[in-house]
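Student: Need a 3D model of the following:
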Amino acid sequence: MVLAAKRKYKKSFNSEPASKQAKKNRQSKKHQESSEEEENAYAGNTGFSEEEENGDWESNSDDNSDNEDKLESTQIKTTKATEDDVISGELEGLKETAELYKSNIFKLEIDELLTEVTVNYEKHKALEKALHHLKAIFDSIPDGKQLKLHEFAKDMLKKNKITTPFPDPQPTKEALHAFAFQKPTAMHVVGGYGLKSIAKSKSAFNVDVAVEMPSSIFQEKDYANYRYHHKRACYLAVLANAIKSANKKFNVEYSTMNGDARRPILLVKPAGDKSDVDFTKAKCIIRVMPSVNADVFPIHRLAPGKSCVKPAEATPHYNASLLMDTSYTGNLAFLYQHSKTSPEFKNAILLARTWLHQRFNNTNIGFTPFVFAMLMAYLMQGNKDGTGKKLSASHSSYQLLRGTLDFIATHDFATTPVFLGESDKSEFAATEFQTHYNVAIVDPSGTLNLVADMTTSGLAQLQHEAKLAMSYFNDSTDRFEPLFLKNVNDAKFKFDNVVRIPFVAAEGTVAAFDEAAKADYYSYLPWFVTRISDVLKRGLSNRVDLVAVQHTDANATWALTESMQQDQVTVTVGLLLNSDNAPRLVDQGPDSSNDEAVAEFRKFWGNKSELRRFKDGAIVESVVWQTQGYENRSLIVQKMVLYLLQLHLNVEPSQLMYWAGQLYGYLNLSKHVPENLFSSELKTSGFHPVMQAYQQFSKQLRQVDDALPLLINNVYPAHAGLRYSTVTLPHPVDFNNMVQYPTTTRYFDAIDVVIQIERSAKFPDDLTVLQKVKHAFYLKMSDELKTRFDVDSVVIDDVREKNPLAIRGYLDVYYFGYLFRCHICLEQEATLLEKIVEAKTTTKLNKALATEALEKYKYQLRYKQTHTFYVQAMCAKYTAYSSTVRLAKRWFGTHLLSPHVTDEMVELLVAHVFLESQPWIAPVSTFSAFARVLGLLATWDWQTTPLIVDIEGELTTKDREEIVAQFSQHRRTNPQMSVGAMTIATAKDHSGHRWTTKKPARAIAARIQALARASVQVLEEATSNQDIKRVFVTPMQDYPIVLDLDVEHCTRYYQNMHPEAKYLKPTYGVAELGDKPYAQFDPVQDFIADIEKVYGQTVMVFNNKYGGDKLALVWNPTVATPMQWKVNAGYNSVPVDMNKNGFLKPAKGKSEISKFIAPNFAAILAEIERLGKDGILKQEQQE
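Tutor: Numbering: from 1, shown residues only. The predicted model follows:
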């Protein structure tokens, strides 16, 4: 709602101190009495009555406001403060801030927010005139003749072309009840505008006008059988006709009050004709709501347990809909009195409006800002017996809001209704409200339940958000942004499972929606919402932490000439899964000996219920969901929901859209991949085979250390396959039968393992000799593994490593289909390198070599294994983390960003979504987690803000401040962002550049964000499974050069999401690589590495390493600018000059002397194509 507040509050540090502002507030309180009389004319009388036509519409006229300002400024000027007074005032202000607000920063943020959302009522002169004009229009309507309801509607349509908005059931021709219009008794401005507690938002706010119908048009029993509602509709039609026929035009249409078809209202909008009543600039809509005096009908007839429509035994919702029309002025007066006694009451309402808007905008849960204000007033006054008072009139807006949210979060509304006032009639006893409503907050009259339409789901949603808010208030970290500035109610981000049901008013399809239910509910929709909430809550039990049923209001608006028609409404069910219970296979019911409970259980579960005996000897009714594997078990809740909706509400699975498991397909190998080489059973076992192999291998490795000169201290995993984060599941390979694998399936990972050897003083101080010692260790390990366990292995000396000081060797162990690449870690190696770097006598060349070698040592032997440890912990804590990381890597790959991001960077990005989940809770489903990752990438201001990920769980406030300080310093010294464009900091990496030093570059970071924003838009607009596919399709037209790879030589092609079947056949290219296994053999990535090494200064390469068949090139724009000619420019260049228009042109002729050079892009492209012509590139596709 207020995006600028977070930025603007910082300016307050340079403006008035809090103490001065507090002092001014205290001084201004002395002069509030001068304006109370004006406010009373507005809010106390609640508008115009027949005797007060000329009363003010505003609580403060311009004159009074000026007088107040002059009076206050005069007093300030005449008070000469000494230096001691100033210091004393500042100290007092700081003390007040500490007592009334969470922190000084938080107070400044709230003050700035209130400034942003507060409406300037003095600019509403045109609105005032429009309201006066409406009053005059209504008062000038002549009395009508008495007609039967059906005849009245027919006459209104024929003469004025206005349809009377009768709710169903409509009056019949035979009905004898008649209606004769009489002008309104009074007109009141009510609601938020009446209290002056409206908050600005992007949409127009409402100005509620209650038009009181005279009691004389009703008969004593008009409360029954919709007679009141039918006459109300007639009255509204007359008002609509009067506005339509007036000389000063307004745009008028019908709507409903909170979606209730029994309570239609008028929406009056400005015509935009720039007349004196054109209130376009006020950005509001006037809502005209018929009301009635509370004494018109016998109040006891409208008690919750009474029936006003037969054949229902009780019609509590019907009765409440009538009582609502009697409550406008009384409840406004109640709130007004509290606003007089509490200076911060209205500000607290503004904060509450903002908080509610961000969570429930365009969603009807039965709880409005008005109810929030009434509840807050209740907590300020308490009960008659003195209990229940939890707030004070002297509290700050923050304290009032916090206290009310705390009450909402913790109060048991189911067993303890809230009474703002009590009736002396027994029909309105607490038990009556408990029996007939899900939630009860009773107004000051003691007769009306303000939340009569609130379902158990609506209450659960409200309390869930209130509990989250309280956790933010109690957090030592500033959580102002998720509290007030972030839109929370985006279903695909907020909920783990989302069900969208296009609602069709098929009333006759569900037997439970009988005549009694039809009598109480205005349509099938509210009954359906209540029923689905109850069914899912019972059926899913503790598998879910929240069942959130939401829907937009039906009958949003319709023209005066049209009949009321229910708009197309989509009911959305959002589920927050319980990570421990959601995958449960069995739901146990009652013991078989309890006949009554068994019958009820079977009735609820239908054919799914069966009698089973369990290991503990219990024989109980049960429901079993047979399935295996993480993916399938994570979808058990989906199976249950689909089954229950079909059984109890006749909603077929084909009629709805269920968002849960649509993304799993992108993690599995294509159906074209041969199953004899890559077993589909791996989908069920997941990472278990590779982890089991690793654990057994590490155990055997420890057993051979008795043959080594030194003991093995520990064996650490240091690979994505051992931290559950490879895109495709690590599959065992038949090393003895490699010839059966086509070239397109020959790739397999070398799984890095770090072996920690104990320290020894006998190790040499020479790094070259130390490498030979490690080589000897590898040889001995290899011999022992072969001798003791018949495990094949080979010692590798990496000849490609040219740095004589760097680690270069490793041991490859072929172990039950997996290759473990072992790296020995000797602490002495790091110590020697550090000495070389720090020594003053070290040459510049040796220092550079040692620095490079030390970085390689840290990354290979320290950083990767510690990172793996923390990612493993994340996977253990958050069940959806592993699959979300894998999806994120797949997303980066499909958008050809593989060369520009590291695995570790992606894993930290995803970790942030789980660890910093505000304004939601940590996701439990892959779908919502992945959506949030895309949302993070789409909204992260990476240029000015570091991403802080507490994956170690060790970050302190001081650490966070230090990270921000380091980041700011780095941006100042490196504004071009050539290093660490995307900064991702952790407790062990305050710089945030460990995994993002050079990549992604600034241009790539911008590309990532653009793609993420497009992907988020696709998710938001998706209505089918097919739509989701667009998230994983990248726009190739953005690349100036796209080269086709020779698929026959792409060893990872089997990881492609949509491979061609012919390239994966077992007989295709089997002899090309022979019968030897080649770990991590990927010619495409080697080709890309060569391009980057030779041409990295001039070209950026894009590719999907997960089986991609394209290679895209983008010329680096930073080197395209001509530079002065020099020897060894670093790239293939061409001489250029500037023509008269400032454009480059090639130099021509021997007589012309070129002063500048630029990259020769055509020649560079030709060189790249020549480099890849032997089996890597197929042909140039696009230029």
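Student: mind checking the SS state of residue 498?
Tutor: At residue 498 the chain is in strand, as set by DSSP: H, G, I helix; E, B strand; the rest coil.
Student: ok, it touching residue 574?
Tutor: Yes - between residue 498 and residue 574 there is a contact under C-beta atoms under 8 Å: 5.5 Å. For the C-beta atoms, the positions are set from N, CA and C on the backbone; glycine is no exception.
Student: Next, show the common contact partners of those two.
Tutor: residue 491 (C-beta atoms under 8 Å, 6 or more residues apart in numbering).
Student: buried residues in stretch 689-697?
Tutor: Going by neighbour count (16 or more other C-beta atoms under 10 Å), the buried part of stretch 689-697 is 689, 690, 691, 693, 694, 697.
Student: Please read the previous query as pertaining to stretch 302-319.
Tutor: 302-309, 312, 314-319.
Student: again, but for stretch 597-609
Tutor: Of the residues in stretch 597-609, 598, 601, 602, 604, 605, 608, 609 count as buried by neighbour count, 16+ other C-beta under 10 Å.
Student: Just the residues contacting it, thanks.
Tutor: By C-beta under 8 Å, 6+ apart, stretch 597-609 touches 538, 539, 589, 590, 591, 592, 621, 622, 623, 643, 647.
Student: Residue 960 touches residue 948, doesn't it?
Tutor: Yes - counting by C-beta under 8 Å, residue 948 is a contact partner of residue 960 at 5.9 Å.
Student: Between these two, point out the one with more neighbours.
Tutor: Higher neighbour count among residue 960 and residue 948: residue 948, with 21 against 17, using other C-beta atoms under 10 Å.
Student: Tell me if I'm right that the more buried one and residue 985 touch.
Tutor: Yes - assessed by C-beta under 8 Å, residue 948 is found in contact with residue 985 at 5.2 Å.
Student: Overlap of the contact sets of those two?
Tutor: residue 963.
Student: What helices and strands are in contact with the strand of greatest length in the chain?
Tutor: Assignment by DSSP state E gives strand 260-270 as the longest strand of the chain. Other elements packing on strand 260-270 under the criterion 3 or more C-beta pairs under 8 Å, 6 or more residues apart in numbering; DSSP states H and E are helix 125-139, helix 227-245, strand 250-257, strand 284-292, helix 316-324.
Student: just these: most buried one?
Tutor: helix 316-324 (a mean of 24; mean count of other C-beta atoms under 10 Å).
Student: quick one: the next helix or strand after that helix to strand 284-292, angle?
Tutor: Per DSSP states H and E, the first helix or strand lying C-terminal to helix 316-324 is helix 328-341. Helix 328-341 runs at 120 degrees relative to strand 284-292, counting by axes from the mean of the first three to the mean of the last three C-alpha atoms, to 10 degrees.
Student: what sits up against helix 328-341?
Tutor: Outside helix 328-341, the residues that touch it by C-beta under 8 Å, 6+ apart are 36, 39, 43-44, 46, 188, 190-191, 194-195, 197, 208, 210, 289, 291, 294, 345-346, 370, 373-374, 376-377, 380-381, 393, 420, 443-445.
Student: What residues sit buried inside the helix or strand following it?
Tutor: Counting by DSSP H and E, the element after helix 328-341 in chain order, helix or strand, is helix 345-360. Of all the residues in helix 345-360, those buried under the rule 16+ other C-beta under 10 Å are 345-360.
Student: Let me know the closest of the residues you listed to residue 925.
Tutor: Relative to residue 925, the closest of those is residue 359; by C-beta to C-beta it sits at 20.2 Å.
Student: show me the residues around the nearest residue to the closest one once chain neighbours are set aside that make contact.
Tutor: Counting by C-beta to C-beta, 6 or more residues apart in numbering, residue 488 is the residue found nearest to residue 359 once chain neighbours are left out, at 4.6 Å. Counting by C-beta under 8 Å, 6+ apart, residue 488 makes contact with 358, 359, 465, 482, 494, 919, 920.
Student: Same check on residue 466?
Tutor: Each residue near residue 466 by C-beta under 8 Å, 6+ apart is listed here: 405, 406, 408, 409.
Student: ok so, going back, can you list the strands that the longest strand of the chain pairs with?
Tutor: Next to strand 260-270 in the sheet, as set by DSSP bridges, lie strand 250-257 (antiparallel), strand 284-292 (antiparallel).
Student: The shortest one versus helix 125-139: what angle between them?
Tutor: What that stands for is strand 250-257. 80 degrees.
Student: before we move on, what about the longest one?
Tutor: Angle of strand 284-292 versus helix 125-139, following the same axes, to 10 degrees, is 30 degrees.
Student: what stretches of this structure score poorly on pLDDT?
Tutor: Within the chain, the stretches with pLDDT under 70 are 1-102, 504-508, 553-555, 566-567, 1067-1071, 1138-1154, 1179-1183.
Student: next SSE after the longest helix anywhere in the chain?
Tutor: For the chain, the longest helix by residue count, based on DSSP state H, is helix 767-789. With elements assigned by DSSP H and E, the helix or strand that comes after helix 767-789 is strand 792-797.
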